[in-house]
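K.L.:
predicted structure and sequence below. I'll ask about it afterward.
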Amino acid sequence: MLRDFWGAFHEKVEENQLAQDFDVIDTLDADLGPHFFPTHEDGSDARQCPVCKSGRLGLKLLRGGPFIGCSNYPDCGYTRPLSVVTGDDDDDAAMVFPIQLGDDQESGKPVSLRKGPFGCYVQLGEAEGKGKNQIKPKRATLPKSHAPGEVTLEIALALLALPRTIGDHPETGKTIAAGIGRFGPYLRYDGGYVSLGPDEDVLAIGLNRAVTLINEKPPKKSGASTALRELGPHPDDGKPVGVYKGRYGPYVKHGKINASLPKTSTEESVTLDEGRWAALRRAGCQEGPQRRGCQEVRGAQESRRKEDSGPQEDPGRQKLPP
């Protein structure tokens, strides 16, 4: 009995090894079609593309995984996740993007809700121009506190207008603002940022709640760190030279140049001259031995070695007895 089973199984495996990927996808599309494209009550074609109206929806496969797409690609770019559309208005899979929400009264440009690889977003207008001269339209990420099916023109315009001013801190008088950044919604206060959780609405949060969040979790300030020590102005350009605390220890900073401290120096003992030469060595030698900075550093190092070693005697000349 096992011989009969494995013999037939082996024949099927040999046949499928010769099949191409698109043959497998076509077979799965035909077998799973009734599941992903159930018959509509009105008798309309469940596989008809809702965008171009002439394409046929089917199972597709790319590096990111399987999905449902239109047969008229690339002329029609409609896609949706590999799921069963139930017909519920709240079902995001049933939504056809982009969705036109209306026009902005100030600019006259259309406002739309779109879906990208990282989620939904709202967009004002369309891209203008081509190539390097193309001007991209203004966009705003849709926060998790707003479902795509609930987005209106007013909500979209409010998102596009971010960041917004909430008010002034009652104790310091400094402005508190709310916005959406690369890592999600945030509060901005005194040069720092406080992340907003999924339960907080960036469009509706008030001054009292913002002050509470700031007091609970002090803002993280971005930008340049504060110098541990100011060594003084650089003699060439007058820019400050300072000692800063880094991930791998203290370092010297001059303008945009960061250089490690000399091995014989510490953050308390390093001088302006030592810091200046460390920055010059970093700026000059890292770009090649022919750079002026590197030659200047080598010349200075040679002079220092001569000063430290004192006068040199001629080894060929013998000292005369007294």
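P.N.:
All right, it came through fine. Numbers count the residues shown, from 1 in each chain.
K.L.:
tell me where the stretch 101-250 of the chain has strands.
P.N.:
110-116, 119-124, 138-141, 164-168, 175-181, 184-189, 192-195, 220-221, 229-233, 240-246, 249-254 (DSSP state E, counting those that start in this stretch).
K.L.:
buried residues, the fifth one. List them.
P.N.:
Looking back up the chat, that one is strand 175-181. Neighbour counts over strand 175-181 (16 or more other CB atoms under 10 Å) mark Ile176, Ala177, Ala178, Gly179, Ile180 as buried. For every residue, glycine as well, the C-beta is placed using N, CA and C.
K.L.:
contacting residues for the nearest residue to Thr152 once chain neighbours are set aside?
P.N.:
Distances taken as CB to CB, 6 or more residues apart in numbering place Leu101 nearest to Thr152, at 6.7 Å, with adjacent residues excluded. When contacts are counted by CB atoms under 8 Å, 6 or more residues apart in numbering, Leu101 touches Val111, Ser112, Leu113, Val122, Val151, Thr152, Leu153, Ala156.
K.L.:
just to revisit the earlier point, make a markdown table out of the buried residues of strand 175-181 and add pLDDT and distance to Arg80.
P.N.:
Below are the buried residues of strand 175-181 laid out as a markdown table (pLDDT from 0 to 100; distance: CB to CB, whole Å):
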| residue | pLDDT | distance to Arg80 |
| --- | --- | --- |
| Ile176 | 96 | 40 |
| Ala177 | 96 | 37 |
| Ala178 | 96 | 32 |
| Gly179 | 95 | 31 |
| Ile180 | 94 | 25 |
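K.L.:
show me the two of the residues you listed that sit farthest apart.
P.N.:
Across those, no pair lies farther apart than Ile176 and Ile180, at 15.4 Å, counting by CB to CB.
K.L.:
got the strands of the stretch 101-250 of the chain as CSV, with distance to Glu267 columns?
P.N.:
Below are those laid out as CSV (distance: least, CB to CB, whole Å):
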stretch, distance to Glu267
strand 110-116, 46
strand 119-124, 45
strand 138-141, 42
strand 164-168, 38
strand 175-181, 33
strand 184-189, 31
strand 192-195, 25
strand 220-221, 21
strand 229-233, 6
strand 240-246, 5
strand 249-254, 4
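K.L.:
quick revisit: can I get the buried part of the contacts of Leu101 as one ChimeraX selection?
P.N.:
What follows is the ChimeraX syntax selecting those of these that are buried according to 16+ other CB under 10 Å:
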select :111,112,113,122,151,153,156
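K.L.:
of the contacts of Leu101, closest to Pro240?
P.N.:
Val122 (43.7 Å).
K.L.:
report pLDDT for the closest one.
P.N.:
You'll see Val122 listed with a pLDDT of 95.
K.L.:
just Val111 next, same as before
P.N.:
Val111 is assigned a pLDDT of 93 by the prediction.
K.L.:
so who does it touch?
P.N.:
Gln100, Leu101, Gly102, Asp103, Asp104, Val122, Gln123, Leu124, Leu153, Ala156, Leu157, Leu160.
K.L.:
would you map the helices across the stretch 1-150 of the chain?
P.N.:
Using DSSP state H, counting those that start in this stretch, the helices of the stretch 1-150 of the chain run over 2-17, 21-36.
K.L.:
determine which stretch of those helices is the most buried.
P.N.:
Highest mean neighbour count of the helices of the stretch 1-150 of the chain: helix 21-36, a mean of 12 (counted as mean count of other CB atoms under 10 Å).
K.L.:
list the helices and strands that one packs on?
P.N.:
On a contact count with 3 or more CB pairs under 8 Å, 6 or more residues apart in numbering; DSSP states H and E, helix 21-36 meets strand 57-62.
K.L.:
can you check what angle separates the strand it packs on from helix 21-36?
P.N.:
Calculated by axes from the mean of the first three to the mean of the last three CA atoms, to 10 degrees, strand 57-62 forms an angle of 130 degrees with helix 21-36.
K.L.:
so which elements touch strand 57-62?
P.N.:
Looks like strand 57-62 contacts helix 21-36, strand 65-70 (3+ CB pairs under 8 Å, 6+ apart).
K.L.:
which stretch among those comes nearest Gly43?
P.N.:
helix 21-36 (15.3 Å).
K.L.:
now do the closest one and strand 65-70, the angle between them.
P.N.:
Using the same axes, to 10 degrees, helix 21-36 lies at 80 degrees relative to strand 65-70.
K.L.:
can I get helix 21-36 in PDB? Just the C-alpha atoms.
P.N.:
Written as PDB, here are the backbone C-alpha positions of helix 21-36 (Å, rounded to 0.1, in the frame of the first residue of the first chain):
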ATOM      1  CA  ASP A  21       5.900  30.200 -10.700                       C
ATOM      2  CA  PHE A  22       3.100  31.800 -12.800                       C
ATOM      3  CA  ASP A  23       1.600  28.400 -13.400                       C
ATOM      4  CA  VAL A  24       1.400  27.800  -9.700                       C
ATOM      5  CA  ILE A  25      -0.100  31.200  -9.100                       C
ATOM      6  CA  ASP A  26      -2.700  30.700 -11.800                       C
ATOM      7  CA  THR A  27      -3.700  27.300 -10.400                       C
ATOM      8  CA  LEU A  28      -4.100  28.800  -6.900                       C
ATOM      9  CA  ASP A  29      -6.000  31.700  -8.300                       C
ATOM     10  CA  ALA A  30      -8.500  29.300  -9.900                       C
ATOM     11  CA  ASP A  31      -8.800  27.100  -6.900                       C
ATOM     12  CA  LEU A  32      -9.100  29.900  -4.300                       C
ATOM     13  CA  GLY A  33     -11.200  32.300  -6.500                       C
ATOM     14  CA  PRO A  34     -14.600  31.400  -4.900                       C
ATOM     15  CA  HIS A  35     -13.100  32.100  -1.500                       C
ATOM     16  CA  PHE A  36     -11.500  35.500  -2.200                       C
END
